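Participant: the sequence and its predicted three-dimensional model are supplied below.
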Amino acid sequence: MASSVNDFDLYRPSEEHDMLRDSVRSLAEAKIAPFATEVDEEGRFPQEALEALVANDLHAVHVPESYGGAGADALATVIVIEEVARVCASSSLIPAVNKLGSLPVVLSGSEELKKKYLGSLAKGDAMFSYCLSEPDAGSDAAGMKTKAVRDGDHYVLNGVKRWITNAGVSEYYTVMAVTDPEKRSKGISAFVVEKSDEGVSFGAPEKKLGIKGSPTREVYLDNVRIPADRMIGAEGTGFATAMKTLDHTRVTIAAQAIGIAQGALDYAKGYVQERKQFGKAIADFQGIQFMLADMAMKLEAARQLTYAAAAKSERVDGDLTFFGAAAKCFASDVAMEVTTDAVQLLGGYGYTRDYPVERMMRDAKITQIYEGTNQVQRIVMARNLP
């Protein structure tokens, strides 16, 4: 059995990771934070964030150097997402969903697909989205109905994908579709679909509780004819690739959750030091101190679990499925609790849109739902106990 000390050394942030955090935080505070309220209020895509991230090569840091990317490890990717989410959750979905959408290509794609699509992503020419869920296939993703029928050197795709993050903005989409209805999950294949492909269209943006700056739309596939070489991996392996992808990217949702929570804690901590009642700062009251202590304690526990999961993602450890689900589940529950407590600490002000903590509370909620609800995460963990 590996020693816990050695295990810890493998996921403790290095000096390079610390430098990355400092640079991303500075960039986020200067170029992304000033627009966060406006992005939320107007429900518009955070174009300023995209431009800032692309200019600093932080929009898709996971892409290997061999395809023009930064070649960042899983922990570095987590840190980027965490620091962006600290100021704007919607903007953090740019690097997070670029990884989610493109990771199937990284894991299972042909060399030709990798060169074409990862290269374009790395240059900032395009974003990538992930199309798994459908109107009647959410948690039961294997029950999808979107079909891909072979026609000579092409496949023809028909169906509807729902809850697709950054749909309409992304140029590329990893689409899961049924190629053999008799085999259920083993009859699902993965494809790269381009926004410009004939027959691709999008529904109206969903009207959401939070992450309003990240468009969530349906993707319609109406006789979309694509070359057969756009299949990711072999026919029938798409569902397995989709699940492997989520093992890795649930860690990025955990990162988003801890970033949101950190932003809320930072703001609340500053507020209680300034706010005076009964002749002194409310930070001096023990009840407030206990709340802050609990918030910080749970947040740090979530961070450590997330970093451990990131190390396992980097090494592709055998227990990654458990740790990815655990990090996502725990960190998102903590984020919901911390942001709710931050609103409470601000009292009536916390309930208004004049202060950012109510936005953070709304944004935190989705981390308990997407990439598998936390109820599903508990099923995943139970089935993969280390």
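Facilitator: All right, it came through fine.
Participant: which residue comes closest to residue 273 once chain neighbours are left out?
Facilitator: Closest residue to residue 273 apart from its sequence neighbours, by C-beta to C-beta, 6 or more residues apart in numbering: residue 283 at 4.7 Å. C-beta: built from backbone N, CA, C; applies to glycine.
Participant: quick one: the one you found from residue 150, how far?
Facilitator: With distances taken as C-beta to C-beta, to the nearest Å, residue 283 is found 66 Å from residue 150.
Participant: same deal with residue 24?
Facilitator: With distances defined as C-beta to C-beta, the gap from residue 24 to residue 150 amounts to 44 Å.
Participant: output the below-cut-off pLDDT ranges for the protein.
Facilitator: Within the chain, the stretches falling below the threshold (pLDDT under 70) are 1-11.
Participant: and it, what are its domains?
Facilitator: Structural domains assigned to the chain are 4-123, 128-236, 239-383, following automatic domain parsing.
Participant: mean neighbour count added to those domains, as CSV?
Facilitator: As requested, the domains of the chain are arranged in CSV below (neighbours: other C-beta atoms under 10 Å):
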stretch, mean neighbour count
domain 4-123, 20
domain 128-236, 19
domain 239-383, 21
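Participant: pretty sure residue 385 sits against residue 323.
Facilitator: No: at 11.3 Å, residue 385 does not count as touching residue 323 under the criterion of C-beta atoms under 8 Å.
Participant: quick one: the helices in this protein, in order.
Facilitator: Taking DSSP state H to define them, one finds helices in the chain at 4-9, 15-27, 33-42, 47-55, 74-85, 89-108, 111-113, 119-123, 238-274, 286-315, 320-345, 357-366, 374-383.
Participant: distance to residue 65 for those - can I get that in CSV?
Facilitator: Below are the helices of the chain laid out as CSV (distance: least, C-beta to C-beta, whole Å):
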stretch, distance to residue 65
helix 4-9, 24
helix 15-27, 15
helix 33-42, 30
helix 47-55, 17
helix 74-85, 13
helix 89-108, 13
helix 111-113, 15
helix 119-123, 9
helix 238-274, 18
helix 286-315, 15
helix 320-345, 23
helix 357-366, 32
helix 374-383, 32
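Participant: what sits against the residue nearest to residue 273?
Facilitator: With contact taken as C-beta atoms under 8 Å, 6 or more residues apart in numbering, residue 283 is in contact with 269, 272, 273, 275, 289, 292.
Participant: from residue 350, how far off is the fourth one?
Facilitator: According to C-beta to C-beta, residue 275 and residue 350 sit 11 Å apart.
Participant: again, but for the last one
Facilitator: Distance of residue 292 to residue 350, computed by C-beta to C-beta: 14 Å.
Participant: check the fifth one too.
Facilitator: Between residue 289 and residue 350 the computed distance is 18 Å (C-beta to C-beta).
Participant: residue 176 pairs with what?
Facilitator: With DSSP bridges as the criterion, the beta-bridge partners of residue 176 are residue 190.
Participant: thinking it is in contact with residue 240, fair?
Facilitator: No: taking contact to mean C-beta under 8 Å, the distance of 10.6 Å between residue 176 and residue 240 leaves them out of contact.
Participant: anything in contact with each of the two?
Facilitator: Contact with both residue 176 and residue 240 is made by no residue, according to C-beta under 8 Å, 6+ apart.
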